[in-house]
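Peer 1: Sharing a model that was predicted from the sequence below.
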Amino acid sequence: MGPRRRAHEGLALTRSDDEAARLIALGNALEDSGRLSEAREHYRRASAAAPGSPRPWLNLGNVLARMGSPGDALGAVDHAIALAPDFAPSHYNRGRLLAAGGDAAGAEAALRGAIGLDPAFTDAKICLADLLEAAGRGDDAQSVLEEATAADPGHVGALHNLELLLMHRQRIDALEAAIRTALAHPGARTAAFAAMGRLCTATGRLREADEWYARALEADPASTEASAARLFNMLARDDLDPQFLFDAHREVAATIEARTPAAHLPARAQHARVRVGYLSPDFRMHSVALFVEPVLSAHDRSAFEVFCYYSNASEDAITERLKADAEHWRNIAGMGDERAADLIRADEIDVLVDLAGHTGQSRLPLLARRCAPVQVSWLGYLHSTGLSTVDYRICDAHTDPPGETEHLHTERLVRMPASQWCYRPLHQSAPAAARPNREERVVFGSFNQFFKVSGTSLALWQEILHAVPGATLRIIGVPPGRTTDALSQRFAHAGIAPERIEVRPRVSVPDYFNGLADVDVALDTTPYNGATTTLDALWMGVPVVALRGDRSVARSGVSILATLGVPELVAATPLEYVRLNVELARDAARREALRAGLRQRLLASPLMDAAAFTRDLESHYTRLDRGAAG
């Protein structure tokens, strides 16, 4: 779940003591600037000035925890509790420390104690819900957060955490009800507008999502989160042309740059090795991490020094693997833009590679501050950032054919020799077994995130099903509830019998790969193509037809299939897309030949040659100069 607010350091003293208050304020400032030892001494002096107050001890516990002394931190908090047993923040801080130390039972008791003393203690409820979710008690966590938002509807943090929890649990209808309740409260309205936008995106209601993002930006024009979400939402819409998309990106980028302090271009320092920095909020279970991991592993460490700047507090097993592959790991999730930019400049990065663009928790304002002499966009956002301070975007000649998309970029385009994708399967599943070879039993499958399933995609799939009357369609990842009902009704209105459509919610990774193996043909989406899902399908021996679109994000499938050496699966028009899928359904021998050979073909292709891909990437890094930078 999302990052937590700083512990209760702004509480009033339990008795009046101006000197203690002054020392604590100075300690807070020192702690914010990273001068932890000096902050600790100020808190100790404050505890001497106000020996009966718990507040200096709470601050001392916080800084000791940050300094890596959890035992001493817990001792400080316990002292605060001894001084004032009925002071709820002390029990809250104790719960946080115990949770960090792995004592879930003790943490739960402390947090419930804090809430018992102060039933309106929303931050304690958020922390308790986080603890319960981590323990697999999702229903309990949901109840605590629903209670928190009902009692304190203006608390943005409670709403955000409830949103994350309900999205993860696919309780979409319950989430929509909670957001609509928050919309009635002025204090949460801006956050609720953005939350409703994200919900509409997740459920495929892209035009409605745009309206909510617009309302969020009207309420808070400086919200980079809302503007980024709006742009990302636009990429999947089938009613916007490429020029409109570029103009929208340039407008948002100009706003970011206008709000960013002017920064001089850092000089390229002379290092024994080229310093490459990767910037992302997605060094975790995320498609971006899966694509970047083989590159981090394959970097030539004799010539390149690798830094990772992670702008997310959430970590998992993939995070740990990436940490092991990076020589230098910096978590900048809690840093403001100015401090994070100073850190990157101090590392004297030669080439800074942004992997997020306009996506959740991205840090594009850092690139607007010009943190490195060369700044590059790659992988996580398949469109121009619109920023004049991003010099290059890495792509390939299939996603961005020379002469076709340069005018839609503020960056110079750097084309990889083969493809922009470097694949390593997440799940080491066995090759798929043979499928029944009768046309009337053919199963089509869709595995992309549901926001990509546009009206155009559905119309094409309906044509395919009409042309192959015995075939069925299995759509994975559809949010349950009203979204599933609406999708089923859409197919029914198109004359597709209900028994031919199977709709399933999001599934686990093993079930996802097993589900891929259990279909005959995977259907790609347009205009926002699949990439990870397309490669996963091919890995499992399942053919995919790609429709060549009119923008970078609509040509990922073309890039993958052309690089794999199966251009016959690339459609130039919607009519050809339907025809190629129908032909696959009717040609069992061809499907079986593809099923038997696609994995080996993929293994032998540039798509899985991490060493060659990384050498090509490194070659670009060494040649890039300031280029198009503003």
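Peer 2: Happy to help now that I have it.

Peer 1: So residue 360 sits against residue 224, correct?
Peer 2: No - in this structure, residue 360 is not within contact of residue 224 by Cβ atoms under 8 Å, at 10.6 Å. From N, CA and C alone the C-beta is placed, and that goes for glycine too.

Peer 1: Neighbour count: the two, which is higher?
Peer 2: Shown here are residue 360 and residue 224; by other Cβ atoms under 10 Å, residue 224 has more neighbours (19 against 13).

Peer 1: List the contacts of that one.
Peer 2: 256, 364-365 (Cβ atoms under 8 Å, 6 or more residues apart in numbering).

Peer 1: Also residue 448?
Peer 2: Residue 448 touches 477, 524-525, 528, 530, 533, counting by Cβ under 8 Å, 6+ apart.

Peer 1: Out of those residues, grab the one that's most surrounded.
Peer 2: residue 524 (30 neighbours).

Peer 1: Quick check: the gap between that residue and residue 37.
Peer 2: 56 Å (Cβ to Cβ, to the nearest Å).

Peer 1: now residue 495
Peer 2: 73 Å.

Peer 1: Residue 545 - that's part of a helix, no?
Peer 2: No - the assignment for residue 545, made by DSSP: H, G, I helix; E, B strand; the rest coil, is strand rather than a helix.

Peer 1: Work out for me the element the residue nearest to it when sequence neighbours are not counted sits within.
Peer 2: Using Cβ to Cβ, 6 or more residues apart in numbering and skipping residues adjacent in sequence, the residue nearest residue 545 is residue 580, 4.6 Å away. Following DSSP states H and E, the helix or strand that holds residue 580 is helix 574-586.

Peer 1: do residue 248 as well
Peer 2: helix 242-258.

Peer 1: Which secondary structure elements does that helix sit against?
Peer 2: Using 3 or more Cβ pairs under 8 Å, 6 or more residues apart in numbering; DSSP states H and E, the elements in contact with helix 242-258 are helix 224-235, helix 364-368.

Peer 1: Could you take those and lay them out as TSV, with extra columns for distance to residue 404 and mean pLDDT?
Peer 2: What follows is the helices and strands packed on helix 242-258, written out as TSV (distance: least, Cβ to Cβ, whole Å; pLDDT from 0 to 100):
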stretch	distance to residue 404	mean pLDDT
helix 224-235	17	96
helix 364-368	25	96
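
Peer 1: could the ones you listed go into CSV alongside distance to residue 392?
Peer 2: Formatted as CSV, those follow (distance: least, Cβ to Cβ, whole Å):
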stretch, distance to residue 392
helix 224-235, 20
helix 364-368, 12
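
Peer 1: Could you identify which of those helices is most buried?
Peer 2: A comparison of these by mean neighbour count, using mean count of other Cβ atoms under 10 Å, puts helix 364-368 on top with a mean of 26.

Peer 1: Now do stretch 522-539: distance to the chain's middle.
Peer 2: 18 Å (Cα atoms, centre = their mean, to the nearest Å).

Peer 1: and it, C-alpha only, in PDB?
Peer 2: These are the backbone C-alpha positions of stretch 522-539, laid out as PDB (Å, rounded to 0.1, in the frame of the first residue of the first chain):
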ATOM      1  CA  ALA A 522      -4.300 -14.800 -28.500                       C
ATOM      2  CA  LEU A 523      -6.100 -11.600 -29.600                       C
ATOM      3  CA  ASP A 524      -4.100  -8.300 -29.400                       C
ATOM      4  CA  THR A 525      -5.700  -5.000 -28.600                       C
ATOM      5  CA  THR A 526      -5.600  -1.700 -30.500                       C
ATOM      6  CA  PRO A 527      -4.600   1.100 -30.400                       C
ATOM      7  CA  TYR A 528      -2.700   0.200 -27.200                       C
ATOM      8  CA  ASN A 529      -1.000  -3.100 -28.100                       C
ATOM      9  CA  GLY A 530       0.200  -5.700 -25.600                       C
ATOM     10  CA  ALA A 531       3.900  -6.300 -25.200                       C
ATOM     11  CA  THR A 532       4.500  -8.500 -22.200                       C
ATOM     12  CA  THR A 533       1.300 -10.500 -22.900                       C
ATOM     13  CA  THR A 534       2.200 -10.900 -26.500                       C
ATOM     14  CA  LEU A 535       5.700 -12.200 -25.700                       C
ATOM     15  CA  ASP A 536       4.200 -14.500 -23.000                       C
ATOM     16  CA  ALA A 537       1.700 -15.900 -25.400                       C
ATOM     17  CA  LEU A 538       4.500 -16.600 -28.000                       C
ATOM     18  CA  TRP A 539       6.600 -18.200 -25.200                       C
END
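
Peer 1: Excluding sequence neighbours, find me the nearest residue to residue 276.
Peer 2: Nearest non-adjacent residue to residue 276 (Cβ to Cβ, 6+ apart): residue 351, at 5.0 Å.

Peer 1: ok, that neighbour touching residue 374?
Peer 2: Yes - here residue 351 reaches residue 374: they are 4.7 Å apart, a contact under Cβ under 8 Å.

Peer 1: okay, now the domains of the protein?
Peer 2: 274-424+613-623, 439-606 (automatic domain parsing).

Peer 1: Check what pLDDT the closest residue to residue 314 other than its chain neighbours gets.
Peer 2: Nearest non-adjacent residue to residue 314, counting by Cβ to Cβ, 6+ apart: residue 284, 5.8 Å away. For residue 284, the pLDDT comes out at 96.

Peer 1: Distance of residue 284 relative to residue 333?
Peer 2: In terms of Cβ to Cβ, residue 284 sits 11 Å off from residue 333.
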